[in-house]
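Visitor: this one's structure only:
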């Protein structure tokens, strides 16, 4: 649990996804547009590709762009947007004090080599010998700089001048939860004043799709909202990037910044794959939040993926709390793995800024309206394999 101490403000957000570029584009799309995933280019699988982005706005040098794979480009762009939103751009003194927490994947793979290995294994007389020889001779170096997850944070630091303490988190959905959790805890404890925290995912990739499909978790055929996939479960990968600027309230006031939301609590757990244990983990985290909640002013943004058995566990948890209106953003965005929790926090911030929930995209019974204004938002994360998280956002006072 995030430690009790200094108040955590969110003073900046940056986001890109299939819905567009920036907070305004996201809110407009959530209010007006039906989900439009790509059902053709990766058929029979479904993905949510990135909307057209002019990367030069945040990464002006082509040489810098060439150094990064697509996922890192997405993240560096969203990070620059968050710094601009918080009023940190162009202020070296503040940027030097800004810590950087990044949730990152392991980088894109060499599809040609992977395909040759998979094909060769089928005909090799000694598969172990063939695999070892091919990995030693054909695979590009594992420390190729463009793929190092730590270089994700390094590129953001170099591009945007963020030179405080830096940490990189790996571990799929749990990485995003832990990045926010630990960043917020450090601020609450007085170990940090301001942190840029976020992640990115390039989901329109055949290597990622192979990984998810091999686990039997990729959505195929006809698209359906996240909570309406029980008969045909699966997740649709998404390309998205999201960053937040977390800041101690006193530090923000001293520089004349305002809160766009308060991050009041962040919790994490790791219950494993058993759906009953995962639901119990959600209920345990909920018990820590419940004393702070204001019924009638509360909404929940779900990180449900659509893949089972994780989605069944969250569906059961939500059914036990039927009076809370829910929005499952995976319906709109697809699933962004490491970046999903941060993106959903950013969408929770937008909900508080507008004082209302965006419209429902499915007929699942919990995606209902809310009569009054939204003053609190709970954000959930349930990793497709492991890792649970929950956050409480509140409107600034």
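Guide: Thanks, I have it. Just so it is clear, the structure is predicted and the values come from calculations on it, not from any experiment. Numbering: from 1, shown residues only.

Visitor: So for residue 366, what's the pLDDT?
Guide: At residue 366, the model reports a pLDDT of 69.

Visitor: ugh, typo on my part, it should be residue 332
Guide: With respect to pLDDT, residue 332 has a value of 96.

Visitor: excluding its backbone neighbours, what's nearest it?
Guide: In space, and not counting its chain neighbours, residue 332 is closest to residue 35: 5.2 Å by Cβ to Cβ, 6 or more residues apart in numbering. Bear in mind the C-beta positions are built from the backbone N, C-alpha and C, glycine included.

Visitor: And that neighbour, how far from residue 121?
Guide: 37 Å (Cβ to Cβ, to the nearest Å).

Visitor: Residue 233 touches residue 311, doesn't it?
Guide: Yes. Using Cβ atoms under 8 Å, residue 233 makes contact with residue 311 at a distance of 6.7 Å.

Visitor: In a strand, residue 247, correct?
Guide: Yes. Per DSSP: H, G, I helix; E, B strand; the rest coil, residue 247 lies within a strand segment.

Visitor: And for residue 292, the neighbour number?
Guide: For residue 292, the tally of surrounding residues (other Cβ atoms under 10 Å) stands at 12.

Visitor: what do you get for residue 93?
Guide: 7.

Visitor: any idea which helix or strand carries it?
Guide: If you go by DSSP states H and E, residue 93 is part of helix 92-96.

Visitor: Who does the helix or strand following that helix pair with, and is each partner parallel or antiparallel?
Guide: Per DSSP H and E, the first helix or strand lying C-terminal to helix 92-96 is strand 99-103. Partner strands and pairing direction for strand 99-103 (DSSP bridges) are strand 166-169 (parallel), strand 194-201 (parallel).

Visitor: neighbouring contacts of the shortest one?
Guide: The reference is to strand 166-169. Residues outside strand 166-169 that contact it (Cβ atoms under 8 Å, 6 or more residues apart in numbering) are 99-104, 149-150, 152-154, 157, 175-176, 178-179, 182, 199, 338.

Visitor: Flag every buried residue along it.
Guide: By neighbour count on 16 or more other Cβ atoms under 10 Å, the buried set for strand 166-169 is 166-169.

Visitor: Looking at residue 35 and residue 121, which is more packed in?
Guide: Between residue 35 and residue 121, counting by other Cβ under 10 Å, residue 35 is the more crowded of the two (21 against 13).

Visitor: Does the more buried one touch residue 329 like I think?
Guide: No. In this structure residue 35 lies outside contact range of residue 329 using Cβ under 8 Å: 10.2 Å.

Visitor: residues near residue 345, how many?
Guide: Residue 345 has 29 neighbours, counted by other Cβ under 10 Å.

Visitor: so where does it fall, helix or strand?
Guide: helix 340-354.

Visitor: same question, residue 151
Guide: Here residue 151, judged by DSSP H and E, is contained in helix 149-160.

Visitor: relative to strand 194-201, how tilted is that helix?
Guide: Counting by axes from the mean of the first three to the mean of the last three Cα atoms, to 10 degrees, helix 149-160 lies at 120 degrees to strand 194-201.

Visitor: just checking, what packs against helix 149-160?
Guide: helix 62-66, helix 70-85, strand 99-103, strand 166-169 (3 or more Cβ pairs under 8 Å, 6 or more residues apart in numbering; DSSP states H and E).

Visitor: Average pLDDT for it, rounded please.
Guide: Mean per-residue pLDDT for helix 149-160: 90.

Visitor: who touches that helix?
Guide: Residues outside helix 149-160 that contact it (Cβ under 8 Å, 6+ apart): 58-59, 64, 67-68, 71-72, 75-76, 79-80, 83, 89, 95, 100, 102, 104-107, 145, 162-163, 166-168, 170, 196, 200.

Visitor: that older thread, now pLDDT too, for the buried residues of strand 166-169, in JSON lines please.
Guide: Listed next are the buried residues of strand 166-169 as JSON lines, based on pLDDT from 0 to 100:
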{"residue": "166", "pLDDT": "95"}
{"residue": "167", "pLDDT": "94"}
{"residue": "168", "pLDDT": "94"}
{"residue": "169", "pLDDT": "94"}
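
Visitor: any chance of those residues in CSV, plus distance to residue 114?
Guide: Below are the buried residues of strand 166-169 laid out as CSV (distance: Cβ to Cβ, whole Å):
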residue, distance to residue 114
166, 30
167, 30
168, 24
169, 25
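
Visitor: quick check, nearest of those residues to residue 5?
Guide: Nearest to residue 5 among those, counting by Cβ to Cβ, is residue 167 at 19.4 Å.
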